[in-house]
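> below are the sequence and a predicted model for it; my questions follow.
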Amino acid sequence: MTSSSSSASPSAPAASPVILYRERQWVPWYWWLMTAFVVAISTATVSLNRGIMWVIVPAILLSAIAAWVLLTWSNTVVQVEQDADGTRWLTVKDAQLPNDVVARSTAVPATARRNALGPQLDPAAFLVTHGWVPEHVMLVLDDPEDPTPYWLIGSTNPEKLLAAFVPEQAAAATRRSN
């Protein structure tokens, strides 16, 4: 009878993935300022020549609605995790992509954003982009089971995202640019 103390038991929980990169894409601070101004003007318009309740109730309601909208727009999280087996996963909203299906990757600067999202856009591409995030990461896929040709993801720091998700490709791109 042999015992193996080094092997993991089937009931043991799997190791949790390690987060290599994480960014949350908040709306810019000045959007909050502009929204507060719109709420104040709207409240003043509704409460003109009326009692104090016509100031308090619209102010609370409009502030709550405005905060909900801005927080909803700011819920995009871009995250790279590494499993115990070494596979790196890019998670954006509810979509996940393993790094082993990425054939090529590149950072798309703000100057190329219009072309990437406009005339050169493939309608089958997977997009996660916001107007306040000017730079993007393009991940060209080589997956015969998936008809999506590439992912175009907005990122506040595309170089760090690429280095975390596809480090070999990011290192090769750095060597080519030097």
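Looks like it arrived, so ask away.

> and the residue nearest to the spatial centre of the chain, what's its pLDDT?
Most central in the chain under CA atoms, centre = their mean is residue 78, positioned 3.4 Å from the mean C-alpha point. Model confidence at residue 78, given as pLDDT, is 96.

> let's see the one helix or strand it maps to as CSV, backbone CA atoms only.
Assigned by DSSP states H and E, residue 78 belongs to strand 77-82. This file holds the C-alpha atoms of strand 77-82, laid out as CSV (Å, rounded to 0.1, in the frame of the first residue of the first chain):
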residue,chain,number,x,y,z
VAL,A,77,-13.3,46.2,-15.9
VAL,A,78,-10.4,44.8,-18.0
GLN,A,79,-8.5,42.0,-16.2
VAL,A,80,-5.8,39.5,-17.0
GLU,A,81,-5.6,36.4,-14.9
GLN,A,82,-3.2,33.5,-14.9
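
> for residue 122, which non-adjacent residue is spatially closest?
residue 149 (5.1 Å; CB to CB, 6 or more residues apart in numbering). Just so you know, the C-beta spots here come from the backbone N, C-alpha and C atoms, and that holds for glycine as well.
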